[in-house]
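J.: how would this look folded up:
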Amino acid sequence: MSAPVRCAVIGLGMGKGHAKGFAECPDSRLVAVADLDVKRLAQFKDQVGEENCFTDYRRMLKKVKPDVVGVALPNFLHAPVTIAALEAGAHVLCEKPMAMNVGQARKMIEVARRTRRTLGINLSYRFTPQARALKDLVDGGALGKVYHAYTSWTRRDGFPGFGGWFGQRKLSGGGPLIDLGVHRLDMAMWLMGGPTPVTVSGSAHYDIGVPRAKKEKKAFDVEDLACGFIRFDTGASLVFEISWGGHQADPEEMCTRVMGTEGTAVHRNEGGGYAFVAEYFTEKN
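T.: Presented below is the predicted three-dimensional model:
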């Protein structure tokens, strides 16, 4: 029987979920954590030992030499910290979004290939039972030729707070498109079979968040809503709509609809929360 994979987490905000998963998986063991907040670190001292709680992630990588590192930091730190972990010899699971821009993402991929390490991005909605069921249907040919898809995630009032890093483009890379949109775009393109985009057009709107932040005298310069159209090399098309705030019935509305010549697959939430439904429609139903 092989030894458990030794895992560490950098960033204990969202990273608490990574730590919980590593600790509970029978094939892995949480061996170290890193965060600048000593109060967050203190919550893990009994679990990993005080000597394995670090305020300097570089020191942790050098001393502990983990097999796998979960990176769960603000967006502007994803690329440099992921690259440091890969170059230290660790495989990496990085929180979404992958990076601030395409250039950073390409650099991360290049380093992963050069170091022969695995780089994963935590696009977690693929792993819901409903999404897996739909993927099996699509891969089995139940939709026929996929020719169009629609994907969205809109919130009634889901701004992550004004004045923090989330709402500052230089720290986050963007607003709801880079925050929520990566999940729904990934879901749609995954179910479509991973076609290559040929053209992309879109629009961004700044009509709610920026005025509200201005009234509160807090920094906020990202979009409220982004929408667009993607055309793929297969001839298929995709329409997307992503928003942090707008007038709607439910707090959260998510839907991905993939249309084919033989059927349509739908992955959506219900009840305004994070319970999901998978649906498959044909002419017969």
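J.: Pull the number of nearby residues for residue 107.
T.: Counted with other Cβ atoms under 10 Å, residues neighbouring residue 107 total 15. No exception for glycine: its C-beta is placed from N, CA and C like everyone else's.
J.: Tell me the secondary structure at it.
T.: Classification of residue 107 into helix, strand or coil gives helix, according to DSSP: H, G, I helix; E, B strand; the rest coil.
J.: Now do it, the pLDDT please.
T.: As summarised for this prediction, residue 107 has a pLDDT of 99.
J.: Distance of it relative to residue 193?
T.: When distance is defined by Cβ to Cβ, to the nearest Å, residue 107 is 27 Å away from residue 193.
J.: Repeat that for residue 182.
T.: Taking Cβ to Cβ, one finds residue 182 at 18 Å from residue 193.
J.: what does residue 163 give?
T.: 41 Å.
J.: Check residue 22 too.
T.: 31 Å.
J.: quick one, which of the two is more surrounded?
T.: When residue 22 and residue 193 are compared for neighbours, residue 22 comes out ahead with 24 against 15, by other Cβ under 10 Å.
J.: What are the neighbouring residues in contact with the more buried one?
T.: The contact partners of residue 22, by Cβ atoms under 8 Å, 6 or more residues apart in numbering, come to 7, 9, 28-30, 68, 70.
J.: repeat for residue 99
T.: By Cβ under 8 Å, 6+ apart, residue 99 lies in contact with 75, 78-79, 105, 108, 173.
J.: so what's residue 258 up against?
T.: Shown here is residue 258, whose contacts under the criterion Cβ under 8 Å, 6+ apart are 134, 138, 143, 146, 148-149, 188, 191-192, 264-266.
J.: Okay, and which of these map to helices?
T.: Where those overlap with helices, as defined by DSSP state H, the overlap consists of 134, 138, 188, 191.
J.: How about the second one: what's its closest non-neighbour residue?
T.: The shortest distance from residue 138 to any residue that is not its chain neighbour, by Cβ to Cβ, 6 or more residues apart in numbering, is 5.5 Å, and that residue is residue 191.
J.: Now do the domain split for this structure, please.
T.: For the chain, automatic domain parsing gives the domain ranges 5-122, 125-281.
J.: surely residue 278 meets residue 130?
T.: Yes: counting by Cβ atoms under 8 Å, residue 278 touches residue 130, with 3.7 Å between them.
J.: which neighbours do the two share?
T.: Between them, residue 278 and residue 130 share these contacting residues under Cβ under 8 Å, 6+ apart: residue 267.
J.: quick one: the helices in the stretch 51-200 of the chain?
T.: Secondary structure of the stretch 51-200 of the chain by DSSP state H, counting those that start in this stretch: the helices cover 57-64, 78-87, 102-115, 129-139, 169-172, 176, 182-191.
J.: gap between the longest one and the chain center?
T.: Just to be clear, that refers to helix 102-115. The gap between where helix 102-115 is centred and where its chain is centred comes out at 17 Å by Cα atoms, centre = their mean, to the nearest Å.
J.: again with the fifth one
T.: Relative to its chain's centre, helix 169-172 lies at 16 Å (Cα atoms, centre = their mean).
J.: Buried ones in that helix, by neighbour count?
T.: 171-172 (16 or more other Cβ atoms under 10 Å).
J.: could you give me the average pLDDT of the following helix or strand past that helix?
T.: Helices and strands here follow DSSP states H and E; after helix 169-172, the next one along the chain is helix 176. Looking at helix 176 alone, the average pLDDT works out to 98.
J.: Perfect, I'm done here.
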